[in-house]
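>>> Here you go, sequence then predicted model.
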Amino acid sequence: MNLPRSAGAVLAKELRIELRTRDLTHTVLFFVLMVAGLFSFAFSPTADESRRILPGLIWMAFFFAGTLMLQLCFVREQANDTLAALRLAPIDPFAILLGKLLANFLFLAAAEIVFVPVFSVFYNVSVLPVLGRLILVLFLGTFGLAVVGTVFSAMTAQARMRELLLPMLLLPVLAPVLIAGVEATGELLVPHPSLAREWVSMLAGFDVIFLTATWLLSGFLVEE
Amino acid sequence: MKGKEGTWRLAWLATAIVLGLAGYAIFFVAPPELRQGNVYRIFFFHVAIAWGAFLAFFISFFGCIGYLASRQQEWDWLAVSTAEVGLAFTTITLIIGSIWGKEIWGVWWTWDPRLTTAFFLELLYISYLMLRVMIVEPDRRAMVSGVFGIFAFLDVPLCYFSIVWWRTLHPQPIIGGAPGTGLDPRMWYVFLFVLVGITALMVVMIRERYRLEALRRQVGVLAAELEERAAPDESKGVTA
Amino acid sequence: MDIALTTSLGVEFDRVEKRFGALLALRKVTLRIAPGEFVALFGPNGSGKTTLLRMAALLVRPSAGRVTHLGAEGRGAGEIRGQIGLVGHKALVYDELTARENLGFFARLYGVSRPAERISRVLDAVGLRQRADDVAGVFSRGMRQRLAIARALITEPRLLLFDEPATGLDRQGRDWLDRTLDGLHDAGATVIVSTHDDSLAALAARSVHLDAGRVVRDTAASAVPLAPEARR
C-alpha cells in the first residue's frame, strides 16, 4: 500500500516495455519532425516570422503528438486485460495513474530533448541563452499535458470511437496550457527575453489543480 | 404524481407570463440607452441568459460530484440535464451577443475574454455530451462523465484567467462604453425581472430534461423485463 | 505443491445483482462459499460466471446486494485483494516482458518479501523454469496459462478464482491443470473454478450451476437455502 513504491513499479514497467518496443517514442519523434518539416514547406517563414510563430508551432505539435501517444497508454493494457491485473493488486489506484503519467511525461520530455534543438536549427532561432527558463516552461506545460492526457486516456479506453474522442476531450481542457505555454515560450524568444511570471504560475496552477483532482478521483478512473 | 405534474404546469405558465411581460418591459419600459440607442436592449436577455448558463453549469458540477459520492443515477440525470440546458443557453448567449457585436463593434466575433471563455465553455460541454454518447453502459457513462464534468468545470476559471491575461497583452478592439455604467433605475428593474424569468425558464427546462432521462431509464428497465418474459425461462421449476 | 498457506478465505454473495445497462448479468445471487471449499461453477456463456468471479476478486462492484469475504472480517479491501489470486480469460500478463519480469513486477505490486526466491518457487511450481527469460508474447497457449497461474500465485493467495482455465489446453495441459488445482486446494486455499469441463466437476466437492444470472442448481444447496427470488 506504499504509494511511491507501487507507482515506481508501474513507472519502471512502462519504461521497460517502451524501451523494448519503442512504439511511443518513435511515433512521437516522427510526428514532431514531420510537423517541423511540413510547416517549413507550407510557410517558408523568415527568421523574424519563425520567432513569432515558433512557440505556437512547438506547443501545437506537442499537443497532437501527445494525443497520439496517450491514446495507447490504457489501450495497451487491454490486450491481455492487464488493467485488471493492476486493479487486483493491493495498491492505491492513484499509483497506477501516477506511474503512467510520469512515464508519459518522460516519453514526451524525451521527444522534446530531440525536438527543440531540431526546431532551433531548422528555424534559426537560438534557444541556448534561455535554455534553463525554456526547460522550466516546457516541463510545466508537458506535465499538465501528461496529467490530463493520462486521466482522459483511462476514461476513454473502453469508449466507442476512442481515437476521435480523446482529442475532443483533451484539447479544450488543455486550452489554458496552450495559451500559457505559447505566451511564456514567446517571451523567451524575443530579443530581450524574460520569464513571464503570470504564465509560469498559470502552468504550475494547472498542474497542481489537475494532479490534485486526479488524486481525489483516481479510484473511479481505473474502475471497470 | 398528478398534483406534482400540475404544479410544474403552473410553473411553466408562470414562466411564460413573466417572460412575456419581460419582453414587453424591455421594449416599452426601459428607456433607450444614451450611446447605443435601442440596440442595448439585447443586453437584458443576453446577460440574463449568460447568468442562467453559468448557474446551470454550476449545478451540473454538483451533479457530477453527487453521482461520484453516492452512485445514485439521479445525480447523473441532474448533471446531464443541467449541462444540456447550460449549453443551449451558452449558444443563445453567443448568438445574440454576436448580433449586438455586429451592430456596435462592427464585427460578429472578436477574441474578447468573455467571448473566448464562452466559446471554450461551449467546447468543453460539447465534449461532455459527446463523451456520454460514446459510452453505452449507464453506470460507467455516469461515472466517466462525472469525472470529466468535474475536470471541465475546474478548467473554466483557468480558461478565463488565461484569456484575460492573453487579451491584456494583445491589442484590443475599441469597445464602446462598458454597459452597466450609470444604469437608469428603470433598466435595473427590468433587468431583475428578466433575470427572474430566465432563471425560472432554466429550472423548468432542466426539470423536463431530467424527467426525460428518468423515463429513458424506465423504458430500458421495461424493455429488459419484456425481453426476459419473451424468452422461455429454462430455469423455471429447477431447484436443487 | 509447496505453496504454503495458512488460513483460507471464503466469499459470500448476499442477494447480489449486477446490471450492465439494460442487461442483468446477475440476479439476486445468494451464495456462500466457505473457506477451504473447492467449487466448480457451470453455466452457458453469458450466464454470469465471469461477473461472479470478478466480483469475488473485487474487480466488479455489485449494483445491489453485498459481497463479503469470509475469514477476513473487518479487513480493508486492500488487504483482502492481497490474498486473492485470479486467473482470467486473458492472461493478465504483459506480452513484452519475460515471465520473470512479469512476476517481478507483480511481486513488487503485492509487496512480496524476498521476491526473487518467491518467483523461482512459483516458476518451478508451474513448470516454467526453463522459459523464465523468454518474453510472454512468444508463449503457447499452455505456457501462457501456466504463467497466468504463476501470476495469481505470486502473493500466496488464500482464495483462488479461475475463469475457464482449461480453454485452449490440450489433454496433457488439462491433466496438469487438474493436478495443480487439486494441489492448491490441498494446500488450504479456497478454489472456485468456472468451467465447461466435467473432469473438474469430479475434482470439486461442490458444483454450482448458473443460468441467466441465477443460481439454478447447487449440489450443496441444503447448506444454503436459495432465496425465493432466485427461484422465480
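Alright, I've got the coordinates. Numbers count the residues shown, from 1 in each chain, chains lettered A, B, ... in the order given.

>>> Give me the helices and strands touching the longest helix along chain B, please.
Looking only at chain B and at elements set by DSSP state H, the helix with the highest residue count is helix B:185-230. The contact analysis (3 or more Cβ pairs under 8 Å, 6 or more residues apart in numbering or on different chains; DSSP states H and E) places helix B:185-230 against helix B:2-28, helix B:42-70, helix B:73-104, strand C:23-33. C-betas here are computed from N, CA, C, even on glycine.

>>> Now do that helix against helix B:2-28, angle only.
Counting by axes from the mean of the first three to the mean of the last three Cα atoms, to 10 degrees, helix B:185-230 lies at 150 degrees to helix B:2-28.

>>> Let me see the mean pLDDT of helix B:185-230.
Mean pLDDT, helix B:185-230: 88.

>>> For C:F13, the count of nearby residues, please.
Look at C:F13: counted by other Cβ atoms under 10 Å in any protein chain shown, it has 23 neighbours.

>>> Surely it is in contact with C:M55?
Yes - between C:F13 and C:M55 there is a contact under Cβ atoms under 8 Å: 7.4 Å.

>>> Now do the shared contacts for these two.
Common neighbours of C:F13 and C:M55, counting by Cβ atoms under 8 Å, 6 or more residues apart in numbering or on different chains, are C:V67.

>>> Run a quick neighbour tally on residue 114.
No chain in the question, so chain A it is. Applying other Cβ under 10 Å, we find 14 residues neighbouring A:V114.

>>> my bad, the chain I had in mind was chain B
B:R114 has 14 neighbours, counted by other Cβ under 10 Å.

>>> and the next element down the chain from the one helix or strand it maps to?
Applying DSSP states H and E as the criterion places B:R114 in helix B:113-134. Sequence order places helix B:138-168 as the next helix or strand after helix B:113-134, per DSSP H and E.

>>> What residues of that following helix count as buried?
B:138-156, B:158-163, B:165-167 (16 or more other Cβ atoms under 10 Å in any protein chain shown).

>>> That one and chain C, any residue contact?
Yes - using Cβ under 8 Å from any Cβ of the partner chain, helix B:138-168 comes into contact with chain C via B:P138, B:D139.

>>> Backbone torsions only: list them for the residue lying closest to B:E137 once chain neighbours are set aside.
The shortest distance from B:E137 to any non-neighbouring residue, by Cβ to Cβ, 6 or more residues apart in numbering or on different chains, is to C:G21 (4.8 Å). In terms of degrees, to the nearest 10, the main-chain angles of C:G21 are phi 60, psi -130.

>>> re the thing from before, for the helices and strands packed on helix B:185-230, which one sits closest to B:R207?
Closest to B:R207 of these is helix B:2-28 (Cβ to Cβ; 6.3 Å).

>>> before we move on, the earlier item: per-residue confidence for the residue nearest to B:E137?
You'll see C:G21 listed with a pLDDT of 75.

>>> surely it meets B:V136?
Yes - judged on Cβ under 8 Å, C:G21 makes contact with B:V136 at a distance of 6.1 Å.

>>> what stretches of chain C score poorly on pLDDT?
Along chain C, the parts satisfying pLDDT under 70 run over C:1-6, C:221-232.

>>> Select the longest helix from it.
Under DSSP H, chain C gives helix C:171-186 as its longest helix.

>>> For it, which helices and strands make contact with it?
helix C:141-153, strand C:159-163, strand C:190-194, helix C:198-203.

>>> can you list the weak-confidence ranges in chain B?
For chain B (pLDDT under 70), the answer is B:1-2, B:168-183, B:231-240.

>>> before we move on, back to that, next, see if the helix holding B:R114 gets close to chain C.
No - on the criterion Cβ under 8 Å from any Cβ, helix B:113-134 is out of touch with chain C, staying 13.2 Å away.

>>> For the residue sitting nearest the centre point of chain C, give its distance to chain A.
Closest to where the C-alpha atoms of chain C average out (Cα atoms, centre = their mean) is C:L161, at 0.8 Å. For C:L161, the distance to chain A equals 10 Å [Cβ to the nearest Cβ, to the nearest Å].

>>> now the helices and strands packed on helix B:185-230 in JSON lines, with distance to chain A and mean neighbour count?
Output for the helices and strands packed on helix B:185-230, formatted as JSON lines (distance: least, Cβ to the nearest Cβ, whole Å; neighbours: other Cβ atoms under 10 Å in any protein chain shown):
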{"stretch": "helix B:2-28", "distance to chain A": "32", "mean neighbour count": "13"}
{"stretch": "helix B:42-70", "distance to chain A": "6", "mean neighbour count": "21"}
{"stretch": "helix B:73-104", "distance to chain A": "13", "mean neighbour count": "20"}
{"stretch": "strand C:23-33", "distance to chain A": "12", "mean neighbour count": "21"}
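
>>> I'd like those as JSON lines, with distance to C:H89 appended.
JSON lines is the format used below for these (distance: least, Cβ to Cβ, whole Å):
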{"stretch": "helix B:2-28", "distance to C:H89": "48"}
{"stretch": "helix B:42-70", "distance to C:H89": "29"}
{"stretch": "helix B:73-104", "distance to C:H89": "29"}
{"stretch": "strand C:23-33", "distance to C:H89": "15"}
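
>>> Could you say which one of these comes nearest to B:R217?
In terms of Cβ to Cβ, the element of the helices and strands packed on helix B:185-230 nearest to B:R217 is helix B:73-104, at 6.5 Å.

>>> So which elements touch that closest one?
Judged by 3+ Cβ pairs under 8 Å, 6+ apart, the packing partners of helix B:73-104 are helix B:42-70, helix B:113-134, helix B:138-168, helix B:185-230.
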